[in-house]
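Chemist: Any chance you could fold what I've pasted below:
(chains A and B)
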There are 2 protein chains.
Amino acid sequence: MQMAQEKKGERNMEKIVIIGGVAAGATAAAKARRLSADAQITILESGPDISFANCGLPYYIGGDIKNRSKLILQSPESFNDQYQTEVNIYTTATEIDRKNKIVHAVDSRTGEKRSYEYTKLILAQGGRPISPPIPGAGENHVFQLWTLEDMDKIDSYIEEKSPKTAVVVGGGFIGLEMAEALVKRGMKVSVVEMMPHVMSIMEAEIAGFIQQEMLAYGVDIYTNKGVVEVGKNSVTLNDGSIVNADMVLMSIGVRPTLKLAQEAGLAIGEAGGLLVDSMLRTSDKDIFAAGDMVEIEHRVHGKKVRIPLAGPANRQGRIAAENALGGSHEYKGSTGTSIVRVFEAVAGITGLSLKGARAAGINADAVVIHKEHHTSYYPGAEEVTVMVVYERESGIIVGGQTAGYAGADRRLDVIAAAAAAKLTVHDIADMDFAYSPPLGTANDAINMAAYAAENRISGYSPSMTVGEIDKFIEGKEVIWLDVRDMFAFEKGHIIGAANIPLELLLTRINEIPQDKIIMVYDYTGKKGHQALRTLIGAGFKNVYNVSGGFESIIGFTRAVTPINFKVKLPEIEKKKIGEIKEEEKNIASKKQEKKENSNEPLVVDVRTSEEFAEGAYPGAVNIPLDEVESRIAEFGSKDRKIILYCASGGRSGYAEQILKGYGFRNVENGGGISKMMAKSIKEEEKSNEPLIVDVRTRGEFAGGAYPGAVNIPLDEIVSRAEELGAKDRKIILYCASGGRSSYAVQILSKMGFTNLENGGGLMHMMMRKK
Amino acid sequence: MQMAQEKKGERNMEKIVIIGGVAAGATAAAKARRLSADAQITILESGPDISFANCGLPYYIGGDIKNRSKLILQSPESFNDQYQTEVNIYTTATEIDRKNKIVHAVDSRTGEKRSYEYTKLILAQGGRPISPPIPGAGENHVFQLWTLEDMDKIDSYIEEKSPKTAVVVGGGFIGLEMAEALVKRGMKVSVVEMMPHVMSIMEAEIAGFIQQEMLAYGVDIYTNKGVVEVGKNSVTLNDGSIVNADMVLMSIGVRPTLKLAQEAGLAIGEAGGLLVDSMLRTSDKDIFAAGDMVEIEHRVHGKKVRIPLAGPANRQGRIAAENALGGSHEYKGSTGTSIVRVFEAVAGITGLSLKGARAAGINADAVVIHKEHHTSYYPGAEEVTVMVVYERESGIIVGGQTAGYAGADRRLDVIAAAAAAKLTVHDIADMDFAYSPPLGTANDAINMAAYAAENRISGYSPSMTVGEIDKFIEGKEVIWLDVRDMFAFEKGHIIGAANIPLELLLTRINEIPQDKIIMVYDYTGKKGHQALRTLIGAGFKNVYNVSGGFESIIGFTRAVTPINFKVKLPEIEKKKIGEIKEEEKNIASKKQEKKENSNEPLVVDVRTSEEFAEGAYPGAVNIPLDEVESRIAEFGSKDRKIILYCASGGRSGYAEQILKGYGFRNVENGGGISKMMAKSIKEEEKSNEPLIVDVRTRGEFAGGAYPGAVNIPLDEIVSRAEELGAKDRKIILYCASGGRSSYAVQILSKMGFTNLENGGGLMHMMMRKK
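Modeler: This next block holds a predicted model:
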């Protein structure tokens, strides 16, 4: 055995030995050198590389990073050049002799033993991926990804064996990034996750956004499942099913490397990591530690946690070095901010999840909003989801999650700062964030989320997240009220929900029973809030807005199967690697039949061709507002009846002015699409559809009725029977509860009507209306 | 005169009249309706439109927004539909009768007079662009941009007249967005700005980033200039120069619309806006106000300011409505967060600028850093600039500015939150922000900026911003030390700076005089910090790091002309609209001469082809590390002398291992490019270049010398004269101060040498070295 260190110029010189040379270790060494020109600094790294880009490995396999050399940030030599640090690779520390302050180590290539004296020791050994003891897990086609060597092995295997299928075990950060990488290498990929959804640290509806993206790219997801055996070309799950797998990636977690520290008698903490104080000092005053192996205080609730992430590891390495050299830099703890991008979808979390906060004894609530990441009128706007978790009484922000195709990182950072600084939702509600049409909105998604939280806190707009609702409604009778337009409803909705578009809500409010729990939802929660306020204004007491609206319902249901409600989900649009997003493709595909010479009124949809393609009034012609003037000839003669509509009635109002300016005399603004459709239904039903008869009083009817129903109060039914037409016509009768209509059926039956049906109460009618 | 409002169901019903229906007014109306189902809400809007996207107008002119209708957010009709609000357009309020609570108004189309009773009045009249009283400003080719009508006029003018040249007067948000728009319409555009640089609210070096982008797109910028006359096809500036202008856009600022409020006797504040309290109540308890017309508290220093921005206007409108309906929502003030995108460049500001903070009596400092917005190894990384302004003693963040092509908005929002919440640089230093290789770095730019601030505060790394330095060095003797590599130095530097690459600093440290003020700069400030620590470690006392390094020097110098130093700026790369950014274009353009069969050593640059193209060792062959193995044949025979290098010596260390693995016996790691170049210079100078002789002692020489100099101590000069070669050879001699070398010149002259020069002291030599 030899003493590897020279004993030159020893004037109380610090000898810093650092065990581990990647994230925390390399940072500690660099910081130590910047702090002290004459400290002797030695790194002992058991692997072949120091300071490589471990987070970048999946992107090399996936081909986003073309040059392997980009992942090598430093060589032992260049590190020594830059920081005058003795870097020993392939050097495994075997024992810490705390009494004599010596680290014993062995060169794993030669077996040569060496010892390193220290005045201060910094442990930065990180962790190692967990290898599950599954039959077959040791085969050559089973991989993990932790080092450059691991990466090279996977890359070579794919090059040489051209696997067609792959199973990724574990749906965390590395698992999902690798799922993407393997899809990019042309494989059919399946992800197996033991928890109810991938990215299990996130809320289901946030993870659902990621799962949806994975499904769109053809990845199969098996949740609540484990792998029990790895075969040659498949794996067997714990439910007995077989999944094809020419290769398998294991990424079920990382275990801290604690053997050396434990054997040296250093204290291990309650969270299972190496115990350190706020100076990152272990139970030995001369030994500091940083990175994945330690447990630290959570910056929000102060409890001990393990947060094995690159950012905290770097910052801890920096602080450990500072304090090892006599500093007293207090580590404030970590909020565990983390983010993942899977294909184009991004989702992130900071601080505590709602579940995590409640588990920590915090009286927490959460709200979710979805808002465009920049103004919707500027091309390229994408919806960003923001969830804020806060303490119910104080409004103090304890965490948050974001998701989206663009701008999720930005909003996450604001919440990360707010949670770390213990700001309240009131603090951020009126804050000014960066706004310019291509870069934001005048009221940022963060402002909106804070407003939603304020409104939930004050009781002004009671809301619940979808996850909360699924528990809350257990055993309760609930009316789901969908206030979106009928095209949106058609594509997806909660099964059994009544669809009353917001614009029609006031006129149809009597259809909704006051004595039930009403769960209102719209697209994103914003109009749901308006609908809720309308209902409360009309005397409803038991109304909740679904936080995040149908977007959140989709997200939740993509991740997990709701227990207490069922959802018809919209189809997932398939995506392919390398497919260019046709942003403003000309979708004006529907044939526009010109009806200029007809006597029928011309119905003109003045929305954009994209909006028109999503669904339009039957027979309507699409002339976008901007084209009204240039296509004025298409409107025909000046006397012709023209009905204009758009989404809300706004643009059609402008179109009406334009046409009147051109001398058209018979122009009507039909308003928004929902109003038009309501009218359409009424007209259709008058002809071949069954006749729907409301037998309530005129007053009741005026308060809101089934679309297209005619009102013949019960006491007029005999005198107005001729209005019902042929005796064999299908007639459905309803009232408020089904009582009066039952009586009406009896009367009409006696009068010879043969095709009668008691539709029951209005709500019943609404429910069965598809 | 008629009372326009009906008197139905008056049970203490609130009558909210809102004057102004765009940003603050429309928001106030919508919020009022959500708060109160039965309040009577009336908007009086003097123009033809309500709630249009006023911030979007330049993007329609520039063609980014294709559909004009996208800018129309609501029509009076749709707004009424959605919020049951009586919207009166073309209705100009002429008088507020506060005693009787009546607003008198006139229909500007018909001249009809109307009155509107109110219980609460909300003023949201905004402002109007200032029209300067310049001869010719009233001509038809002179425009302003504030309304859809203004936009249409400009658009039609361009369509019909096809102007070739345009002058934009005023380099603020609208001015610059319009400059971009007009370039996109094919014009040669000039911007005239009265202040020293465009975006005058920002720091020069931040605005300089924007100015550089404008220059790249061919926009001419005239700063410190005003327009004194508008001619038919040109404008005349106040220095007499003439600038071509087939059209002119005036955007010199906005004046709040206060006439009505003033005539009603409402108090005007010290900042020239309508005075409101923190409830946004004017001096009349029943009149509230919001938006561009009011002055409000600055959220950082609490002083009254006017911040005419869309975000605050929206939030104020919301709060004014809440309080008008009996609420007590306190407005916390504005930090004035604002951001602009000009072509691809983005720059933003929040809170106070350094100048603004100091003017407000705050003992403020600032630091600047530049860091990649996501990991540099993942494709597409862009540098983002972060400036943080903080109170010197406490570290409380009072403002900040960011700039970049990507990620500037995200970092600005974090600083905006920090400034609003009065967090310190210590609070944000160890915060965890969103990190994943495509979405950030393990230590975010915000962390780095906070570290830099901490290091400036503690005195550990004294630094100054470029703007501060330009004042600080007035009348002082300063040594500029450029620690970048020589290729970077070659492209641009501070004139007179000594170039000692960081890698060589320790060996050449004696070249730098200890008694002078040393200003160190590198690329971004990070290695400058390292260099500064090295100098301080070596006993230097008076050293400052240029905050933000040469990047900041460039930014500053693009914006203004420094007073106390001169800069050789790098060339601006010209850009064209629609040109696709060739991100990873194959730049391996330099011919690589193969020298396999030569006896000379093969010098191999193992960096990427992009790095190689930036500048390389003379005669070196580029074989990137990743290609070393596949191109192994190009290295020739195994005995051949091969010298490898890269940027730092790291990758070449790996390449050395690879080659040795292949059996190459004569491989040398030449280290980083700077070391190689130092060697190169030495070799070149030995041949045809003048011989540089250092006549100091061996010890002095070993501490660092002029690149390529040979050391012949003065007392050996006679005995070693034959080493100097031919008598007519050019020989430059130097020592520490010029004294000993002067004596050496005399000696050699007597010995018959004819081409001698006394180079003086080492620093003098370094200075004259280009």
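Chemist: C-alpha only now, for contacts and for neighbours.
Modeler: Noted.
Chemist: Phi and psi next, for A:Arg128.
Modeler: Main-chain torsions, A:Arg128, degrees, to the nearest 10: phi -140, psi 150.
Chemist: Contacts only, for it.
Modeler: Counting by Cα atoms under 8 Å, 6 or more residues apart in numbering or on different chains, A:Arg128 touches A:Trp146, A:Val254, A:Arg255, A:Pro256, A:Thr257.
Chemist: of those, the lowest pLDDT goes to which?
Modeler: Ranked by pLDDT, the contacts of A:Arg128 bottom out at A:Val254, which has 91.
Chemist: for it, which residues make a bridge with it?
Modeler: Note on A:Val254: beta-bridge partners A:Pro129, judged by DSSP bridges.
Chemist: Using a markdown table, lay out the contacts of A:Arg128 together with neighbour count.
Modeler: Converted to a markdown table, the contacts of A:Arg128 look like this (neighbours: other Cα atoms under 10 Å in any protein chain shown):
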| residue | neighbour count |
| --- | --- |
| A:Trp146 | 18 |
| A:Val254 | 16 |
| A:Arg255 | 17 |
| A:Pro256 | 22 |
| A:Thr257 | 19 |
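Chemist: Of these, just say which sits nearest to A:Pro690.
Modeler: For the contacts of A:Arg128, the closest approach to A:Pro690 (Cα to Cα) belongs to A:Val254, at 64.4 Å.
Chemist: does the closest one really touch A:Ile130, like I thought?
Modeler: Yes - look at A:Val254 against A:Ile130 with Cα atoms under 8 Å: they come within range, at 5.4 Å.
Chemist: Enumerate the residues of the stretch 401-550 of chain A near chain B.
Modeler: Applying Cα under 8 Å from any Cα of the partner chain, we find that the stretch 401-550 of chain A lies next to chain B at A:409-414, A:416-418, A:420-421, A:423, A:427-428, A:430-439, A:441-443, A:503, A:530, A:533-534, A:537.
Chemist: Derive a ChimeraX selection command for the buried subset of these.
Modeler: Buried residues within those, by 16 or more other Cα atoms under 10 Å in any protein chain shown, are selected in ChimeraX with:
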select /A:409,410,411,412,413,414,416,417,418,420,421,423,427,428,430,431,432,433,434,435,436,437,438,439,441,442,443,503,530,533,534
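Chemist: Which members of the residues of the stretch 401-550 of chain A next to chain B are positioned in helices?
Modeler: A:409-414, A:416-418, A:420, A:427-428, A:503, A:530, A:533-534, A:537 (DSSP state H).
Chemist: quick one: A:Val543 and A:Val520 touch, right?
Modeler: Yes - checked against Cα under 8 Å, the pair A:Val543 and A:Val520 is within contact range at 7.2 Å.
Chemist: Run through the residues that contact A:Ala289.
Modeler: Residues near A:Ala289 by Cα under 8 Å, 6+ apart: A:Ile122, A:Leu123, A:Ala124, A:Leu274, A:Val276, A:Leu280, A:Arg281, A:Thr282, A:Gly317, A:Ala320.
Chemist: Count the neighbours of the first one for me.
Modeler: A:Ile122 has 28 neighbours, counted by other Cα atoms under 10 Å in any protein chain shown.
Chemist: Can you give me the separation between it and B:Glu330?
Modeler: Distance of A:Ile122 to B:Glu330, given as Cα to Cα, to the nearest Å: 50 Å.
Chemist: who touches stretch A:66-74?
Modeler: If you take Cα under 8 Å, 6+ apart as the criterion, stretch A:66-74 is touched by A:50-54, A:56-57, A:60, B:377, B:625-626, B:650-651.
Chemist: Put the alpha carbons of stretch A:546-562 into PDB.
Modeler: Taking Å, rounded to 0.1, in the frame of the first residue of the first chain, the C-alpha atoms of stretch A:546-562 are listed here in PDB:
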ATOM      1  CA  VAL A 546     -64.900  21.000 -12.300                       C
ATOM      2  CA  SER A 547     -61.500  22.600 -11.900                       C
ATOM      3  CA  GLY A 548     -59.900  22.500 -15.300                       C
ATOM      4  CA  GLY A 549     -63.100  21.500 -17.100                       C
ATOM      5  CA  PHE A 550     -63.300  18.800 -19.600                       C
ATOM      6  CA  GLU A 551     -59.600  19.100 -20.400                       C
ATOM      7  CA  SER A 552     -58.900  17.900 -16.900                       C
ATOM      8  CA  ILE A 553     -61.500  15.200 -17.100                       C
ATOM      9  CA  ILE A 554     -59.700  14.000 -20.300                       C
ATOM     10  CA  GLY A 555     -56.300  14.100 -18.600                       C
ATOM     11  CA  PHE A 556     -57.500  12.300 -15.500                       C
ATOM     12  CA  THR A 557     -59.300   9.600 -17.600                       C
ATOM     13  CA  ARG A 558     -56.300   9.100 -19.800                       C
ATOM     14  CA  ALA A 559     -54.300   8.300 -16.700                       C
ATOM     15  CA  VAL A 560     -56.700   6.300 -14.600                       C
ATOM     16  CA  THR A 561     -60.200   4.800 -14.800                       C
ATOM     17  CA  PRO A 562     -62.500   7.000 -12.700                       C
END
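Chemist: centre of the chain versus that stretch, how much separation?
Modeler: Remark: stretch A:546-562 is offset 10 Å from the chain centroid, using Cα atoms, centre = their mean, to the nearest Å.
Chemist: One more: stretch A:375-383?
Modeler: 19 Å.
Chemist: Endpoints of it, how far apart?
Modeler: For stretch A:375-383, the end-to-end distance is 10 Å (Cα to Cα).
Chemist: Can you list the buried residues in it?
Modeler: Using 16+ other Cα under 10 Å as the test for burial, stretch A:375-383 gives A:Thr375, A:Ser376, A:Tyr377, A:Tyr378, A:Ala381, A:Glu382, A:Glu383.
Chemist: before we move on, what about stretch A:516-524?
Modeler: A:Ile517, A:Ile518, A:Met519, A:Val520, A:Tyr521, A:Asp522, A:Tyr523, A:Thr524.
Chemist: Isn't the fourth one up against A:Ile469?
Modeler: No - between A:Val520 and A:Ile469 no contact is recorded; they are 11.5 Å apart, counting by Cα under 8 Å.
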